[in-house]
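Participant: from the sequence below, what's the structure:
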Amino acid sequence: MLATFCLVLAAGCQSEPDRLPSVKVLSAHVGRWTYEDALAELGAPARSFELRDHSRIAEWAAGWDATPSLTFRLESSDGGHSGVGGSDSGGDSGLLYRQLQFDQAGKLVEILDVRH
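Facilitator: Now for the predicted structure:
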């Protein structure tokens, strides 16, 4: 039962809604896909904007990313006693987006995962 709980917990830390292709899979389309190809394959992006140079950035929600972290601190008291304390700060978490960048000609040039 504990193993099942750990698997569910690990799967929940970073999920990919609607089976969004990985960065590695999408990298095969660099230089070939257009923005319209991405729309046809991935659906409407969560956000998209055109830059001044007429290139485009579009982002699709890829799930939640939670990175656990542990913080240690050295503590001392007036009586000369000291010790080390630790706490789980929960780490950084946020919505993970798969970001596709298109050049001025509309061709896919880069894929990144970004956290907002």
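Participant: give me the phi and psi for residue 106.
Facilitator: phi 90, psi 10 (degrees, to the nearest 10).
Participant: bridging residues for the nearest residue to it once chain neighbours are set aside?
Facilitator: Closest residue to residue 106 apart from its sequence neighbours, by CB to CB, 6 or more residues apart in numbering: residue 34 at 4.7 Å. Any C-beta I mention is one placed from the backbone N, CA and C, and that applies to glycine too. Under DSSP bridges, the beta-bridge partners of residue 34 are residue 107.
Participant: gap between residue 34 and residue 115?
Facilitator: Separation of residue 34 from residue 115 (CB to CB, to the nearest Å): 26 Å.
Participant: how about residue 29?
Facilitator: Taken as CB to CB, the span from residue 29 to residue 115 is 23 Å.
Participant: higher neighbour count, these two?
Facilitator: Each of residue 29 and residue 115 has its neighbours counted (other CB atoms under 10 Å); residue 29 has more, 17 against 13.
Participant: residues touching that one, list them.
Facilitator: Contact analysis of residue 29 by CB atoms under 8 Å, 6 or more residues apart in numbering lists 37, 108.
Participant: report the buried residues of stretch 100-112.
Facilitator: 100, 101, 102, 107, 108, 111 (16 or more other CB atoms under 10 Å).
Participant: what is the burial count for residue 51?
Facilitator: Using other CB under 10 Å: residue 51 sits among 11 other residues.
Participant: check which helix or strand covers the residue nearest to it when sequence neighbours are not counted.
Facilitator: Leaving out its chain neighbours, the residue that sits closest to residue 51 by CB to CB, 6+ apart is residue 57, at 6.9 Å. According to DSSP states H and E, residue 57 maps onto strand 56-67.
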